[in-house]
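A.B. asks: coords please:
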Amino acid sequence: MHSISQYLAKRRDNFLLLRIVAALMVIYGHSFALTRDIGANDIFLRHQWGIYSGDIAVDIFFVISGFMVAGSFLAGSSLVNYLTARLLRIVPAYAFILAMSAFVIGLLFTTLGASQYFASPDVLLYVTKNLHFASDMAWTLPGVFDGHRMTAINGSLWTLPAEMRMYLLVATLGVFGCLRNRALGLVAIAALVMAALLNPQLLPVHSDWIRLGGFFCIGILAQLFKDGIQIRHDAMLTLVALTYISYNTQSYHWLLGISIAYFSFWFAYRTPLVNLERFGDPSYGIYLWGWPIQQMLLSFNPDMTPSMNFLIAMAFAVTMGYVSWYLIERPALSFKAKIRNIRWQSFDLRPASGDGAQQ
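C.D. replies: You can find the predicted model right below:
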């Protein structure tokens, strides 16, 4: 037997390795979008997958996130503790990259003088507007990366408002008991999927986030049905084969999405364990820092090739990922223990655990 719940009980997986690989895939994909080698494409586009490495990586991120965040809610002590823990995981490192981009990177790479640069309201607005986690984000800073193929300071940040919406989705499902009752959870998620397919305007999310929400919901379902979902080599091979033979059919992208989601768990549980946890978790920091590092490299060498941009940016981004983990993320997460010691019973709206969790 190879059910997800059995693997969870072992507390040994390669999710951290997969998140690091996915973060590096984002940098790899962006290297082709940012450099001037317009005719070059990443390996997935060259082999006509119909999707590039960055999108595959983000899909993997959201599958893992849906699975882990739903599990976090179920294991937590209160709604307030859950929401606070989610904010501690996302906001500190995000606020730091925004501040560093506006007040340090922007100052170093703007074509304007320092006084003129800081006189622009767009500098502070870059930080405050993006901290709203809305779809209407600030992308540029005055005079920064002018002349680049793309002038965005950090094009990777578009997924974070979507991630925050998904955290609220989990909280909502949890409050109404949908995470402790499988049948109710399945109905709720099926209703969301139908709304997304038939009338996405009904959902309080940007249209660009619908796909991400779908993968996040797959992760939630994997958590709900973890006792029955088997992670097997033959199942993975079958999905790959079905996806391959469905190419040029309407079912291709659906099968590709299912394959990506299943691959996330297959990689985590059925590949040889690589114990990276003892070094920390740089994946979020790699994701946040990849794009601005790539842009800074192009400021020094505008004719840099995609492969050179990727390799150098990867080294710097991994370094900054660990810096972010040890100096910002881990200290912020240390507050979780303190929060757990606070009793928020008046805010705990979730049903008590019981037989409903097994339905």
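
A.B. asks: can we go C-alpha only for contacts and neighbour counts from here?
C.D. replies: Will do.

A.B. asks: any low-confidence regions in the protein?
C.D. replies: Along the chain, segments meeting pLDDT under 70 span 1, 337-359.

A.B. asks: surely L256 is in contact with T243?
C.D. replies: Yes: counting by Cα atoms under 8 Å, L256 does reach T243; the two are 5.7 Å apart.

A.B. asks: residue nearest the centroid of this protein?
C.D. replies: For the chain, the residue nearest the mean C-alpha position is F61 (4.2 Å; Cα atoms, centre = their mean).

A.B. asks: that one and R19 touch, don't they?
C.D. replies: Yes: in this structure F61 lies within contact range of R19 using Cα under 8 Å: 6.7 Å.

A.B. asks: what residues are up against W289?
C.D. replies: 97, 317, 320-321 (Cα atoms under 8 Å, 6 or more residues apart in numbering).

A.B. asks: among these, which two are most distant?
C.D. replies: I97 and A317 (12.3 Å; Cα to Cα).

A.B. asks: follow-up on the earlier one: tell me how far the residue nearest to the centre of the chain lies from M100.
C.D. replies: Note on F61: its distance to M100, by Cα to Cα, to the nearest Å, is 24 Å.

A.B. asks: on that earlier part again, out of I97 and A317, which sits in the busier spot?
C.D. replies: More crowded of I97 and A317, by other Cα atoms under 10 Å: A317, with 28 against 21.

A.B. asks: list the contacts of the host helix or strand of the more buried one.
C.D. replies: In this assignment (DSSP states H and E), A317 forms part of helix 306-324. Identification of contacts with helix 306-324 by Cα under 8 Å, 6+ apart yields 24, 27-28, 31-32, 35, 37, 93, 280-287, 289-290, 293-294, 297-298.

A.B. asks: what about the nearest residue to Y326 once chain neighbours are set aside, how many neighbours?
C.D. replies: Closest residue to Y326 apart from its sequence neighbours, by Cα to Cα, 6 or more residues apart in numbering: G280 at 7.6 Å. Using other Cα under 10 Å, G280 is surrounded by 14 other residues.

A.B. asks: same deal with the one 10 residues further on?
C.D. replies: Look at G290: counted by other Cα under 10 Å, it has 29 neighbours.

A.B. asks: thinking it is in contact with I27, fair?
C.D. replies: Yes: using Cα under 8 Å, G290 makes contact with I27 at a distance of 5.7 Å.
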